[in-house]
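Predicted model and sequence follow; I will ask about them next.
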Amino acid sequence: MSEQFNQIAPGSTFYGATMTVPTSANYAKLSLEGQPVVVQDKDYRLSTNSLRSGRNVRCVIARNVSGLTLLPGLGVTWQAAQRFRRFNGYSAVVGGICDGIIDPHIPPSQGVRDGDMCLIFLHGPCLVRPPISSATSSAAIGSTTETAWLEGEMLFSQTGTSTGNTVAGSAADGGGHLAVLTGSAGFLQATSTGFTTGGALATLLPFKVGRVMSANTSRDTAQSRYKLVDLELNFI
């Protein structure tokens with residue numbers, strides 16, 4: 001398959017790390033907003049662009065209008081009346097809306113600056129940042145004891161703040177993270193002191209983000225770590 005990046009490739013933003021990003025009154029390249037992009041499932045963080053599953057991954061070019069630099073591998077929500085074009089913050093409501101994942105191949109030290117554009121991953125294999133989960137980072141989402149995300153488990157938005165996050169080493173997860181379902185009674189989401197139970201399955205299903213694609217055997221204790229999931233969000 002020939003990959004068409006429409007001027008923004010995986011792992012990059014339109015303005016990069018150093019170019020001046022215009023203010024909202026002077027946004028440029030409006031025609032790129034909402035452009036669909038299909039890429040192959042590779043790890044673009046590596047110089048070899050290592051192929052993983054060979055599947056197609058559906059993305060869309062969208063602009064960050066949150067007012068902040070947002071970090072890769074985290075969920076976002078669309079701005080009102082700008083669906084598939086502009087995102088205005090992290091997903092932050094437990095079992096609520098998560099519209100897509102910021103391109104996980106962008107360097108965490110760079111992120112996506114306010115006003116810049118990047119790929120938002122919508123459907124197919126995607127790396128996401130797991131939450132730290134507790135102050136001691138010793139327990140995993142989906143259990144009250146140390147365990148793992150298991151292959152095939154369903155993923156949903158986790159509670160947090162739409163306007164803040166950290167790269168690593170903090171008990172405050174911020175927004176954009178996902179939690180796994182534990183059964184028909186709901187799921188366990190991370191808090192700074194432990195866990196709390198989410199809503200019933202029937203009300204959660206319309207908000208499913210995807211499924212765990214690659215199980216892990218121990219807790220990832222930093223938000224700079226990633227897990228591979230299979231996104232099942234709407235795409236264009």
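Cool, the structure landed. This is a predicted model, so every value here is computed, not measured.

neighbours around the residue nearest to G152 when sequence neighbours are not counted, how many?
The shortest distance from G152 to any non-neighbouring residue, by Cβ to Cβ, 6 or more residues apart in numbering, is to R211 (5.6 Å). Using the backbone N, CA and C atoms, a C-beta is placed for each residue, glycine as well. Applying other Cβ atoms under 10 Å, we find 18 other residues in the vicinity of R211.

now do E33
Residues near E33, counting by other Cβ under 10 Å, number 16.

quick one on the thing from earlier: tell me which other helices or strands the helix or strand hosting the residue nearest to G152 touches.
When elements are assigned from DSSP states H and E, R211 belongs to strand 210-212. In terms of contacts (3 or more Cβ pairs under 8 Å, 6 or more residues apart in numbering; DSSP states H and E), strand 210-212 is packed against strand 154-157, strand 227-232.

Could you rerun that using 10 Å?
strand 117-128, strand 154-157, strand 178-183, strand 227-232 (3 or more Cβ pairs under 10 Å, 6 or more residues apart in numbering; DSSP states H and E).

Could you export those strands as JSON lines, including distance to L68 and mean neighbour count?
As requested, the helices and strands packed on strand 210-212 are arranged in JSON lines below (distance: least, Cβ to Cβ, whole Å; neighbours: other Cβ atoms under 10 Å):
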{"stretch": "strand 117-128", "distance to L68": "14", "mean neighbour count": "25"}
{"stretch": "strand 154-157", "distance to L68": "19", "mean neighbour count": "25"}
{"stretch": "strand 178-183", "distance to L68": "20", "mean neighbour count": "21"}
{"stretch": "strand 227-232", "distance to L68": "23", "mean neighbour count": "21"}
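
comparing these, which gets the lowest mean pLDDT score?
Among these, strand 178-183 carries the lowest mean pLDDT, at a mean of 68.

From R86, how far out is Y44?
According to Cβ to Cβ, to the nearest Å, Y44 and R86 sit 23 Å apart.
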